[in-house]
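[1] Here is my input, please return the structure:
(chains A and B, ligands or ions: 1)
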Amino acid sequence: MAGRTSKDGTYVPEGIADEFTQGEPAQGASAQRAPSSGDKEQRPNRPAAPTLGLVGTLRWMWRQLTSMRVALMLLMLLAVAAVPGSVLPQRNQDAAAVIEYLADHPTAGEWLDRAGFFDVYTSVWFSAIYILLFVSLIGCILPRSMAHYRALRGRPPRVPSRFNRFPAKAFATTDASPEEVADAIATRLRGKISWLPTFRVDRGEEPARGARGASGRSEPASTGPERPPGQPSATVSAERGYLRETGNLVFHLALVGLLVSVATGQLLHYRGQAIVTEGRGFANAVVDYDTFEKGAWFRPESLVPFSMTLDRFVSEFASDTVAFAQARDFTAHVTVTEPSGEQRPEIVKVNHPLVVDGAKIYLQGNGFAPDITVRDAEGEVAFSGRVTFIPQDTMYTSRGVVKVPDVAPGLDQIGLVGYFLPTAEVEPDGSARSAFPQPVDPLLVLEVYTGDLGLDEGAPQNVYELDTASLTPAVEESGERVKVLARPGETVDLPDGLGTLTLGEELPRYVALDLRHDPSLGFVLAFSLLALGGLTVSLFTPRRRVWARAYVAQDGATVVEVAGLARGDDAGLQAEVDRALAAVPGAVERPEEADVSAEASAAARRQAREPRVETGSEED
Amino acid sequence: MELANLSVLLVWGAATALAVALVAFAVDLSRLSGAKVDARDATRSRDKVAVGAGGPVDASADAPADAPAAAAGPVNRRLAGVGMSVTWLAAALLLIAIVLRGIAAGRTPWANMYEFALVGTFVAVAVFAGVNTRRDVRFLGAFVTGISVLFLVLAQQQFFVAATGVQPALQKYWLVIHVGVAICATGIFTVAFVTSVLQLLRDGRDNGSVMLGSRHWGWLDHTLTPSALESLSFRLNSVAFVLWTFTLIGGAIWAEDAWGRYWGWDPKEVWTFIPWVVYAAYLHARTTRGWSGTRAAWFVVAGYACVLFNFTGVNLIFNGKHSYSGL
Ligand code: HEM
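    This next block holds a predicted model:
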């Protein structure tokens, strides 16, 4: 039980500045609320210091947590806490950068690491902030929803006894009877669409003042001197903009929904990466992925056992001088085989994932995987296969490693490491790089090592790295490393009589595919859009109350008074009041009201008019 | 390349026009500073204004809220009018420059930092000029045009890249929607920021700040009351906040397709999230007792600083997936 309940039964979170729910404007309603002003008058409502024992303390804490002030603090804290994650490298994004940072800053790095600064968004402190924020949110929103549900079925509040304190008002006289006047205003406020009224309207009657006095209800002497005793008045009370609060609640609730769906997705999702070369395929099974990552609630059965073949990969690059070699298009042509055996051709592009059985397949990378065959000194095939060369720059200067452990008994194992260059450019000093991403003039440049590759020890090794610590490089007589160069279709000798190397005629392409399944996606999207919708409705729906009173004055004419109150600043409030008054048949608007002193009235009018000119967006 | 060069020329033209408008608006403000406020208004008492305010403030702070210039009677505001006309001209030049840039590159003209700066500036100028057709906000002119000139010159000098196509990750209608909406939001935030800064200044003057009480700040009395400025800023901020929310959601949808995850705490994502949270805090502050008014305005300042950092710092300093500045 946090917050308080306002006059009309609406739940109000602790610490909200809101004269609307209070039903009456505070003094100088539309004047700026100076910081801390108004704090005092609300003091009695604020929870007292915790002298109430355990339960009291807990209640006090809960009230604090669900107060507007704490929500505000937590929001700012959340913003601040999000900053370091963008400044420091984060493990889940770039683990290598974290290792580098730790090496460069040994002391500071260690402390930062302990405090979770390299995993900010999963750190205890970051989680604590947003969890507290959401607890506060739920604690605030549930009672508000209940109160709003009641308010939705309630009636507009009674006509206040005096209008002159309201920020927007208008007065007129007419020959029509008070009942006609009130009916006309009520009709205007309800609007043209009968099943979707603009205002919720109550038409009422007020007994004559004398009679009311007699009925024992104490009425402050406030109804203005000119309202003669003995005359009943016809009244209208109207309220619009329930949707504003609805939108606000929908927005906050949608945020909760969003958090829950994101968390559920984290628990259920899986993600696998596979490298596939042209003409080959893979099956959707945990073992077929090079890397596989899953949520705590993932079960392998949720993998639908389809399979996929990469038929062809096509890339396009700009060749004009301005954007030379910039990527223009990547397309993977694939064939998908459903578990039923049904086959169909599909394409995967950057930005256009392929959806198969609820899983999304992304094209994350591509490169060359040339066919390489190595024969040992005895002419036996020691290695034959496609080797993935990973692009190191935008020109696809690509690095790769060939490990040849299966040489004939008695021979040294061979390791080859080097570059594949789609369009080779060899400098006079012997260094080489690629000058264009497409295979215009392909060349393979490898250094050769011999010794023990260390593969037999069983320790897992990175296939893309050659650990040269215990290997001997082949060198020229000059002491320089030997570089083996091969073009497609060529067979070249390895140094020191180690054997030969053949580069295949074809240059197969490979694609790095990322397959992801997250059953929560639909919910995440739905809740986001719900939040957006609720927010929009809440921010742009005017919440207004309009009251009118009509009675016969001493001179026999009917006097009409209309007053309006809005939630927050509302540029269109006075216009709404004027519109209501304009519905009165035969109305003659009176610029000043006689019962208020001229000066106060001028000030009030000025104030009342003030918001009106602000944008005029609501005027018609 | 002809069109691209013409576009660059037009941007310089727009920057020049904005600089001229800036001078006109600034001279206008300085004239207002010297002007005496209508005596009738000065005698009207308004509660809580006279709190310890010194000479010039007393006389002027009581000016009616909605009459920035009218009450001042004899002040000639022709220069402000000139400023407005030149501002419109600058907006038109900039618009043409942007369109030509798009034609030259053969795509939507907001795919790198240079283009963001052009379009964002255009939106800010257009929003200012548009709001001014509904009510007199010429007092914002000097500041909006000042910031705009700064952005345009920075863009031309620092962010310029040749007009060309975009990489595959950017080839999607989301480029048009997500980035376009983000830039619109930034433009509107800019005008709202200026309004909130004026609110803070005016509030300081009305509350007897020694520095702001001096004669040089007299033009502040010809703006709007702090509460009117606050509600103008709020209206702009709420539009921009909705657009920013959409930017977040649209970005997530796009990232889901382009990068295989809808949210990855990439620096750009973080720095879109941070201002969103700051502006959400601002919306809360407005309705939190003791935090509305002046304090809430500081949230706008903080939020805008984050928006700017997102636009500049993140592109230039951090190395994330959003490294599309082209620099
Ligand atoms: C995840 C955290 C939160 C976010 C992002 C958030 C965001 C927002 C935004 C953007 C608004 C303005 C739009 C609108 O009126 O619908 C708003 C309004 C509001 N929020 Fe929150 N909010 C959060 C948490 C809370 C909490 C914890 C409380 C309760 C203490 C709360 C209470 C309110 C109230 C009462 C309003 C209406 C203010 C008014 O009367 O205009 N919110 N919130």
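[2] Determine the number of other residues adjacent to whichever residue of the stretch 51-200 of chain B sits closest to the ligand.
    Proximity of the stretch 51-200 of chain B to the ligand (Cβ to the nearest ligand atom) peaks at B:Ala185, 13.9 Å away. Using the backbone N, CA and C atoms, a C-beta is placed for each residue, glycine as well. Burial of B:Ala185, expressed as a neighbour count using other Cβ atoms under 10 Å in any protein chain shown, amounts to 25.
[3] next one: A:Ala95
    A:Ala95 sits with 12 neighbouring residues when counted by other Cβ under 10 Å.
[4] Return the distance of it relative to A:Tyr101.
    Using Cβ to Cβ, to the nearest Å, one obtains 11 Å as the distance from A:Ala95 to A:Tyr101.
[5] quick one on the thing from earlier: before we move on, which element is the residue of the stretch 51-200 of chain B closest to the ligand in?
    According to DSSP states H and E, B:Ala185 maps onto helix B:180-206.
[6] ditto for B:Gly83
    helix B:78-105.
[7] Can you list the buried residues in that helix?
    By neighbour count, with 16 or more other Cβ atoms under 10 Å in any protein chain shown as the criterion, the buried positions of helix B:78-105 are B:79-80, B:82-84, B:86-98, B:100-102, B:104-105.
[8] elements contacting it?
    Judged by 3 or more Cβ pairs under 8 Å, 6 or more residues apart in numbering or on different chains; DSSP states H and E, helix B:78-105 is in contact with helix B:2-34, helix B:113-134, helix B:141-154.
[9] same thing but at 6 Å, please
    helix B:2-34, helix B:113-134 (3 or more Cβ pairs under 6 Å, 6 or more residues apart in numbering or on different chains; DSSP states H and E).
[10] Roughly how far does the spatially most central residue of chain B sit from B:Ile147?
    The centre of chain B sits closest to B:Thr190, judged by Cα atoms, centre = their mean, with a distance of 1.9 Å. Between B:Thr190 and B:Ile147 the distance, using Cβ to Cβ, works out to 6 Å.
[11] where do the contact lists of the two overlap?
    Between them, B:Thr190 and B:Ile147 have no joint contacts when contacts are counted by Cβ atoms under 6 Å, 6 or more residues apart in numbering or on different chains.
[12] for the helix holding B:Gly83, what is the average pLDDT?
    Helix B:78-105 shows a mean pLDDT of 93 in the predicted model.
[13] my guess is B:Phe318 meets B:Pro267, correct?
    Yes - the pair B:Phe318 and B:Pro267 passes the contact test of Cβ atoms under 6 Å, sitting 3.8 Å apart.
[14] out of these two, which sits in the more crowded spot?
    More crowded of B:Phe318 and B:Pro267, by other Cβ under 10 Å: B:Pro267, with 23 against 16.
[15] Quick check: the more buried one touching A:Gly85?
    No - under the criterion of Cβ under 6 Å, B:Pro267 makes no contact with A:Gly85, lying 8.4 Å away.
[16] In contact with B:Leu152, which residues?
    B:Leu152 is in contact with B:Ala15, B:Thr121, counting by Cβ under 6 Å, 6+ apart.
[17] To clarify, my last question referred to B:Ser233.
    Neighbour list for B:Ser233: B:Ala192, B:Thr195, B:Ser196 [criterion: Cβ under 6 Å, 6+ apart].
[18] and with 10 Å instead?
    Taking Cβ atoms under 10 Å, 6 or more residues apart in numbering or on different chains as the contact definition, B:Ser233 lies against B:191-199, B:282, B:286, B:296-297, B:300.
[19] same check, this time on A:Glu506
    The contact partners of A:Glu506, taken as Cβ under 10 Å, 6+ apart, are A:Glu278, A:Gly279, A:Pro370, A:Asp371, A:Arg386, A:Pro488, A:Gly489.
[20] what do B:Pro267 and A:Gly85 both touch?
    Between them, B:Pro267 and A:Gly85 share these contacting residues under Cβ under 10 Å, 6+ apart: A:Gln93.
[21] need the residues of the stretch 201-327 of chain B near the ligand, please.
    Within the stretch 201-327 of chain B, the positions lying close to the ligand (Cβ under 6 Å from any ligand atom) are B:Ala280, B:Leu283, B:His284, B:Thr287.
[22] quick one: pLDDT of the third one?
    Pointing back at B:His284 there. Reported pLDDT at B:His284 in the predicted model: 93.
[23] what angle sits between whichever strand or helix holds it and helix B:180-206?
    When elements are defined using DSSP H and E, B:His284 is found to belong to helix B:267-286. Going by axes from the mean of the first three to the mean of the last three Cα atoms, to 10 degrees, helix B:267-286 is angled at 40 degrees with respect to helix B:180-206.
[24] ok, helix B:267-286 near chain A or not?
    Yes - Helix B:267-286 is in contact with chain A by Cβ under 10 Å from any Cβ of the partner chain, via B:267-271, B:273-286.
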